[in-house]
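> coordinates only, sequence not included:
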């Protein structure tokens, strides 16, 4: 079953926003046996929308159109779909009354958003559980279509609800993902090749490099029996040994490892400014293992919040082995956790020196028995250096806990 | 001048990763007068790549193809482009030698990545300054094309370097963005409408809702004289008054407001786990105004790190006005900053009660003169609640500082 997505928005083509909807749509449809094989992005023009909708609907079983349903003049998806269908727009009085009630309660004149109550003739409105713009649905030259808002949360919720109509193919699986840490793409591929690993028929093996480590994807767009896909995933894990991570994200692997050992964790961050804590607390239930953290962006905060001796800062500078170690120890003490990680580094773009260029990062780890700090030289932009620092800190903590290939 | 982008990757269609390259490509090309008018995403199949490349090249002035240049079997963009061009692949011995040297230095057999040295006949390799896979360039039925890796950092750097060949149209501007805070899309549109604002000819006005506030975009894909676009942007700002923010992101507006007043800032975070600190330290130079923060994910940390009285926690619970205020005051004291913000709330998915449902968030603000806390009920997923909390905290701090419409 082949599906396509049409994204509408000048802001996507202009580079103002990046799409987050294709991924949510693909993941709602995949388990129901609908594999996306094409996505197009067009601007807010009726002609472009109509032409792309007709092109994508041809020969496909589902078209999801996303964006351009807002209350303002620049939103043209209703008009574009009406043109593709060769019909006019018609107002739905019930939906108009609902929008007017909602706007009135906020003191906004109703005319401002009445166009959100118009739909192509013959299309059916789709309620929006989390936002103001209703979607609509129908069929374009025999291909069922869903039109949903561009706001990611609204799109996700509407597609999720609509997808529930589609049957779930029984006993079939379409995807297994395996996260790795500490190996590059070439090495992971080589290890699997040397072990003679080949994906089973109907399954493809993809390599997804990311700053946190390569993720492997066994994909079966048409669906294969679940045990087959599970067996292939298990074989990959066996080949990769401790380089395969238990969960898909480093923070989930770390939180699970902490929980499994009754251990607790705290963070002391400088150049990452709170990102490590943010990533850990992104895992629901992290509160049972994560006690908290300190962001010490100034020398004074390092001294007063973590007890880093001013003499240490003066002698070695804030970005140093001694200060990273003292931060980790101070953090362990301050929070009474069983494990504490610290980072201090130069994320750039300024602040680098010949001795300590931009990208120099010390990561410290204290566990009550020992404290250790390691130096890294990360490349890339400020964002990339911060992201790589967070990933390495999470990986180091995970490996210390599990004793795996530290 | 019309450009198009072709993204290649099963992982994009499968929903495993979201594209981050279109935006970087659009922003590198826009100021050089190249406006994207189409983007397509296809999977890692030679036929699909070739067909889409031919379709997008037709009638356009530039095609950027992105992704599928990795060292593994699943990367097929070289083959797809060769098919579109009607030529074979040919190995570049010099580039092969370079790749072999690099791999040998890491102890990896060269065969593993030799395919990265192959290019369609007639295409010219493009060096990759930040990664391993070279790109390549040529012309497809008269349309110049650039093929770049899918890793965002590598794509961005390669497109940036290639774009430098294109002339910058003198005296023309193609975009102005205005961030707003505290008003919904309908209200912003209404305010501009009532003031009779109309964008000048050749310029379109777009509304970009985001959790931090609606951003307005004045876009002139063909380019208009800069003073015209500046005048339109100034008119929008005048209409919106203090709802228009000085910078594009809340964190930049806040850091600039702090710096302009010689003020310093600290954060005490519970449910956001460090995200506020991470956002502020995303601004280069934030270290001159941001002293640091505390992530107090446990009650004990709130007491020990911020001096929140256990009796307060027992009487009101961690998510309460009293605790938010005490956190802000404790944070101000701990860091000696002139302003401190605190958040404590329930981001979900669990932890809600009938009294304090998921999404209940208290935000406290202390400035040495007074401490105040406000309650919010945010909707959406855990991620959305956290993001909305961060944005509201940054906005509250900004408005207190500037005295603007608090």
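Now that the structure is in, tell me what you want to look at. Treat the numbers as computed from the prediction; the structure is a model and nothing was measured.
> just want the residue of the stretch 301-406 of chain A that's nearest chain B.
At 3.8 Å from chain B, residue A:301 is the closest residue in the stretch 301-406 of chain A, using CB to the nearest CB. Glycine gets a C-beta too; all of them are placed from N, C-alpha and C.
> hey, which helix is longest across chain A?
Ranked by residue count under DSSP state H, the longest helix found in chain A is helix A:382-402.
> just to revisit the earlier point, the residue of the stretch 301-406 of chain A closest to chain B: which element?
helix A:299-306 (DSSP states H and E).
> ranges for the strands of the stretch 1-150 of chain A?
A:2-8, A:35-42, A:62-66, A:89-91, A:118-120, A:124-126, A:135-140, A:143-148 (DSSP state E, counting those that start in this stretch).
> mind pulling the model confidence for residue A:133?
On pLDDT, residue A:133 comes in at 86.
> nearest residue to it other than its sequence neighbours?
residue A:69 (4.1 Å; CB to CB, 6 or more residues apart in numbering or on different chains).
> one more: residue A:212?
residue A:391 (4.2 Å).
> what lies in contact with the helix or strand bottoming out on mean pLDDT in chain A?
Within chain A, judged by mean pLDDT, DSSP states H and E, the helix or strand with the poorest mean is helix A:93-105; its value is a mean of 86. Contacting residues not belonging to helix A:93-105 are listed as A:109, A:110, A:112, A:113, A:114, A:116, A:117, A:125, A:132, A:134, B:186 [CB atoms under 8 Å, 6 or more residues apart in numbering or on different chains].
> could you redo the last one with a cut-off of 6 Å?
Outside of helix A:93-105, the residues within contact range by CB atoms under 6 Å, 6 or more residues apart in numbering or on different chains are A:110, A:113, A:116, A:117, A:125, A:134.
> likewise for stretch A:360-377?
A:319, A:321, A:324-325, A:327-329, A:332, A:339-346, A:359, A:378, A:389, A:393, A:396, A:400.
> let's see that with 8 Å instead.
A:268, A:271, A:319-321, A:323-329, A:331-332, A:338-346, A:352, A:357, A:359, A:378, A:385, A:388-389, A:392-393, A:396-397, A:400.
> average pLDDT across it?
96.
> what about that stretch, start to end distance?
5 Å (CA to CA, to the nearest Å).
> same thing with stretch A:8-18?
Note: stretch A:8-18 ends 12 Å apart using CA to CA.
> next one: the residue nearest to residue A:133 relative to residue A:324, how far apart?
Distance from residue A:69 to residue A:324, counting by CB to CB, to the nearest Å: 50 Å.
> when these two are compared, which one has more neighbours?
More crowded of residue A:69 and residue A:324, by other CB atoms under 10 Å in any protein chain shown: residue A:324, with 31 against 27.
> moving C-terminal of the strand or helix carrying the more buried one, what's the next helix or strand?
Here residue A:324, judged by DSSP H and E, is contained in helix A:321-335. Proceeding N to C from helix A:321-335, the next assigned helix or strand is strand A:339-345, under DSSP H and E.
> just the angle for the first helix or strand past that following strand going along the chain relative to helix A:382-402, thanks.
Sequence-wise, the next helix or strand downstream of strand A:339-345 (DSSP H and E) is strand A:360-366. Strand A:360-366 runs at 30 degrees relative to helix A:382-402, counting by axes from the mean of the first three to the mean of the last three CA atoms, to 10 degrees.
> run the chain-centre distance for strand A:360-366.
The chain centre lies 26 Å from the centre of strand A:360-366; the measure is CA atoms, centre = their mean, to the nearest Å.
> kindly report the same for stretch A:383-393.
Offset of stretch A:383-393 from its chain centre (CA atoms, centre = their mean): 15 Å.
> in it, what's buried?
Residues of stretch A:383-393 classed as buried by neighbour count (16 or more other CB atoms under 10 Å in any protein chain shown): A:384, A:385, A:386, A:387, A:388, A:389, A:390, A:391, A:392, A:393.
> what of stretch A:254-263?
A:254, A:255, A:256, A:257, A:258.
> and which of those residues is nearest chain B?
Closest to chain B, out of all of the buried residues of stretch A:254-263 and judged by CB to the nearest CB, is residue A:255, at 11.9 Å.
> run a quick neighbour tally on the nearest residue to residue A:121 once chain neighbours are set aside.
Nearest non-adjacent residue to residue A:121, counting by CB to CB, 6+ apart: residue A:87, 4.1 Å away. Number of residues near residue A:87 (other CB under 10 Å) recorded here: 15.
> from chain B, how far out is residue A:87?
25 Å (CB to the nearest CB, to the nearest Å).
> against residue A:107, how distant is that residue?
Relative to residue A:107, and taking CB to CB, residue A:87 is found at 35 Å.
> tally of neighbours for residue A:302?
By the criterion of other CB under 10 Å, residue A:302 has 27 neighbours.
> actually residue A:366, not the one I wrote
28.
> any idea how far residue A:373 is from it?
Counting by CB to CB, the gap from residue A:366 to residue A:373 is 9 Å.
> repeat that for residue A:18.
From residue A:18 to residue A:373 the distance is 36 Å (CB to CB).
> give me the more crowded residue out of the two.
More neighbours surround residue A:373 than the other of residue A:18 and residue A:373, with 22 against 16 (other CB under 10 Å).
> that one in helix, strand or coil?
In three-state terms, and counting by DSSP: H, G, I helix; E, B strand; the rest coil, residue A:373 is strand.
> bridging residues for it?
Residues in a beta bridge with residue A:373, per DSSP bridges, are residue A:364.
> I'd say residue A:16 and residue B:177 touch.
Yes. Counting by CB atoms under 8 Å, residue A:16 touches residue B:177, with 7.1 Å between them.
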